[in-house]
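**Q** quick one, fold the following:
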Amino acid sequence: MRNRTWGAGRWITALALVIGLVVGTYAFTAANTVPATKAGDGSGAITGYTVTSVHYTLSGADFTNIDTVSFTVDSAPPSGSTMKAQLVSGGTWYSCTNVTTTVTCTTTGATVVPANQLRIVIAD
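**A** Residues are numbered from 1 along each chain as shown. Next comes the predicted model:
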């Protein structure tokens, strides 16, 4: 039987391979970039809006159709707010726009007969 041992050359080759893998792995992770973001935690009161002066505009061509719904809110929604209105429970959500505290929702396709609610969502 012959006793086999690793020679110095084999040890050096194995060590160089391990060092190469470590350096390569570090180079990969060092190249990762993460964009700057903001995050936070806290609490605040959700007060909502007070809606008044609701006005439904019927179509001049067909009085069974509702063309727009407009209303006033107690404070102007911030620019870029999402504003929606729903006239039929479980039905279509219509997009709204505002000029200061006056909000107008174009309700194309809405009809008077099935309208059973006015649900408004404004998300800042």
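
**Q** what stretches of the protein score poorly on pLDDT?
**A** For the chain, the stretches flagged by pLDDT under 70 are 1-8, 23-32.

**Q** all helices for it, in order.
**A** Listed in chain order, the helices of the chain (DSSP state H) span 8-30.

**Q** can you pull out the strands in it?
**A** Counting by DSSP state E, the chain has strands at residues 51-58, 65-73, 82-86, 93-99, 102-111, 119-123.

**Q** dump the ones you listed to a markdown table, plus distance to Leu21.
**A** To be clear about C-beta, it is placed using only N, CA and C from the backbone, and glycine gets the same treatment. What follows is the strands of the chain, written out as a markdown table (distance: least, Cβ to Cβ, whole Å):
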| stretch | distance to Leu21 |
| --- | --- |
| strand 51-58 | 65 |
| strand 65-73 | 63 |
| strand 82-86 | 51 |
| strand 93-99 | 56 |
| strand 102-111 | 62 |
| strand 119-123 | 50 |
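
**Q** CSV for those strands, including mean neighbour count?
**A** Listed next are these as CSV, based on neighbours: other Cβ atoms under 10 Å:
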stretch, mean neighbour count
strand 51-58, 13
strand 65-73, 18
strand 82-86, 18
strand 93-99, 15
strand 102-111, 18
strand 119-123, 14
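
**Q** now for those, which one comes closest to Ala45?
**A** Ala45 lies closest, by Cβ to Cβ, to one member of those: strand 119-123, at 15.7 Å.

**Q** from the rest of the structure, what touches that closest one?
**A** 49, 51, 71, 73, 77, 81-87, 89, 93, 96, 103 (Cβ atoms under 8 Å, 6 or more residues apart in numbering).
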